[in-house]
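Q: Next come a sequence and a model predicted from it.
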Amino acid sequence: MIIDSNPPLLDHYKALLDHSSTLQTAECDGHFDGVAAEECQLPMIDLNGLKSDEALERVECAKAISKAASEWGFFQVVNHGISLELVKKMRKEQTKLFEAPFEDKATSRLLNNSYRWGTPTATRPSQFSWSEAFHIPLTKVSEEDCYGDFISLREPTEEFAAAMSKLARSLAGVLAENLGHRRQVFEEICDESTCFLRLNRYPACAVSSEIFGLVPHTDSGFLTILRQDHVGGLQLMKDYKWVSVKPNPEALIVNIGDLFQAWSNDVFKSVEHRVMTNKMERYSIAYFLCPSYDSLIGSCREPSVYRKFTFRQYRSQVQEDVKKMGYKVGLSRFLLQDESTHTTLKAMKTM
Ligand SMILES: C=C1C[C@]23C[C@@]1(O)CC[C@H]2[C@@]12CC[C@H](O)[C@@](C)(C(=O)O1)[C@H]2[C@@H]3C(=O)O
Ligand SMILES: O=C(O)CCC(=O)C(=O)O
Ligand SMILES: [Fe+2]
């Protein structure tokens, strides 16, 4: 059996796994239904439509984006303006970074000291994340000092982050406009202070195919753009079932985050997703478009489903819940009505 020891995921989780007589996986916790998830074709949007000379084509493209954001919460885009050459350069440098010895990644203050691995707070297998990541704040992307011995990562990261940022803002603008708002509304509340790039690596996992690469969650920000490699493993909730997203080398995946769901008053959906492990390692990069900490997120329509809150309040509530309960409760914490009922239902679901 090939066990990846960088990072030392197995050493860390062994005690929890050893606890049960059989290998206790997330299935035993009721998180797997025992049926292989069906592969789905996410709505595919050709972004050339937004630049068309024909007004009708531009409108149709914008409508297709909004439809996908409200029916799926997820879609994929092609002709997004990020070249395959840049994606390949990024992958090469990302691989070099993660291949570094564990101690270097964990202790050398790399990339704003943003290295994370596994789930330190996990008390049972369903809470494991068999993965490692760097969260690079956009404000740090250009700082040479952040890169240490990995300075060749700086140039592609800078270019990649700028392109993802432009794309995320443009998509958020289209979605806002389709709800009757100004395209610039997100330009005004999103600055670089909270947006970040997350470099993910999911090591090969020979322990069980039923351990998560990344535990089920919704993203907290406005919008996420993801580049996944050819391995696959991303699954999302569609019509109360987990479905797998087929990798497409030319496409980027876009998903709505909690704050966009709140802002749109539940028109756009922040959908739960997770990453399954594989016998092959997998890489991905996600860009998170977030508002500055103190901007107030209210609903763009009345009557509002959620009370107004800032991103700072939302983040600290998520962190508090994860610390206290081991999972994120999320948006239902901020519902104006039936607050306690929703929180209880969500808690029961994740038990
Ligand atoms: C334990 C957790 C931290 C996390 C929310 C979660 O319940 C499950 C996934 C985590 C994740 C992964 C992607 C993003 O980086 C993140 C900010 C998110 O929205 O979900 C983190 C959460 C977090 O650290 O707040
Ligand atoms: O790696 C993936 O496919 C998904 C990553 C993800 O969901 C996240 O970083 O929030
Ligand atoms: Fe996510």
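A: Structure's in. What do you need? Numbering: from 1, shown residues only. Ligands and ions are numbered 1, 2, ... in the order given.

Q: list the contacts for the residue nearest the centre of the chain?
A: Centroid-nearest residue in the chain, with Cα atoms, centre = their mean: D219, separated by 5.3 Å. Shown in contact with D219 (Cβ atoms under 8 Å, 6 or more residues apart in numbering): N255, G257, D258, S270, F288. Where you see a C-beta, it was placed from the backbone N, CA and C, and this is true even at glycine.

Q: Count the neighbours of the third one for me.
A: Put plainly, it is D258. By the measure other Cβ atoms under 10 Å, the count of residues near D258 is 23.

Q: State the pair within the contacts of D219 that is farthest apart.
A: S270 and F288 (12.3 Å; Cβ to Cβ).

Q: anything in contact with each of these two?
A: Shared contacts of S270 and F288 (Cβ under 8 Å, 6+ apart): D219, G257.

Q: Which single residue of the protein ends up nearest ligand 2?
A: S284 (3.4 Å; Cβ to the nearest ligand atom).

Q: List the neighbouring strands of the helix or strand containing that residue plus their orientation.
A: According to DSSP states H and E, S284 maps onto strand 282-289. Paired with strand 282-289 in the same sheet, following DSSP bridges, are strand 196-202 (antiparallel), strand 223-228 (antiparallel).

Q: Mean pLDDT, distance to ligand 2 and mean neighbour count added to those strands, as JSON lines?
A: Listed next are the strands paired with strand 282-289 as JSON lines, based on pLDDT from 0 to 100; distance: least, Cβ to the nearest ligand atom, whole Å; neighbours: other Cβ atoms under 10 Å:
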{"stretch": "strand 196-202", "mean pLDDT": "98", "distance to ligand 2": "5", "mean neighbour count": "23"}
{"stretch": "strand 223-228", "mean pLDDT": "98", "distance to ligand 2": "5", "mean neighbour count": "23"}
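
Q: Point out the one among those that comes closest to ligand 1.
A: The nearest among those, by Cβ to the nearest ligand atom, is strand 196-202 at 5.4 Å.

Q: Extract the CA atoms of that closest one and return them as CSV.
A: Below are the C-alpha coordinates for strand 196-202, written out as CSV (Å, rounded to 0.1, in the frame of the first residue of the first chain):
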residue,chain,number,x,y,z
PHE,A,196,-7.6,34.9,-1.6
LEU,A,197,-6.1,32.2,-3.8
ARG,A,198,-6.2,28.7,-2.4
LEU,A,199,-3.7,26.2,-3.8
ASN,A,200,-4.9,22.7,-3.0
ARG,A,201,-3.2,19.3,-3.1
TYR,A,202,-5.1,16.1,-2.4
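
Q: how about it, does it get close to ligand 1?
A: Yes - judged by Cβ under 6 Å from any ligand atom, strand 196-202 and ligand 1 are in contact via R198.

Q: Report the mean per-residue pLDDT for the following helix or strand past that strand.
A: Sequence-wise, the next helix or strand downstream of strand 196-202 (DSSP H and E) is strand 212-217. Averaged over strand 212-217, pLDDT sits at 96.

Q: so which strand or helix has V231?
A: Counting by DSSP H and E, V231 is part of no helix or strand.

Q: Quick check: it touching K246?
A: No - the pair V231 / K246 is not scored as a contact, 11.4 Å apart, by Cβ atoms under 8 Å.

Q: So those two - more neighbours on which side?
A: The neighbour count for V231 versus K246, taken as other Cβ under 10 Å, is higher for V231 (17 against 13).

Q: Name the nearest residue to that one, sequence neighbours excluded.
A: R282 (3.9 Å; Cβ to Cβ, 6 or more residues apart in numbering).

Q: what's across from the one you found in the sheet?
A: Listed by DSSP bridges, the beta-bridge partners for R282 are Y202.

Q: dump the residue contacts of it.
A: R201, Y202, G213, Q228, D229, V231, G232, G233, V275.

Q: and if you look at F186?
A: R169, A172, G173, A176, F222, L289, P291.

Q: Now do the last one, the pLDDT please.
A: Here the pLDDT value assigned to P291 is 97.

Q: Was I right to think it contacts Q313?
A: No - using Cβ under 8 Å, P291 makes no contact with Q313, being 11.7 Å away.

Q: Who has more neighbours out of those two?
A: P291 (24 against 17).

Q: doesn't that one fall inside a helix?
A: No - judged by DSSP: H, G, I helix; E, B strand; the rest coil, P291 forms no part of a helix; its state is coil.

Q: quick one: it and Y306, what's the gap?
A: 15 Å (Cβ to Cβ, to the nearest Å).
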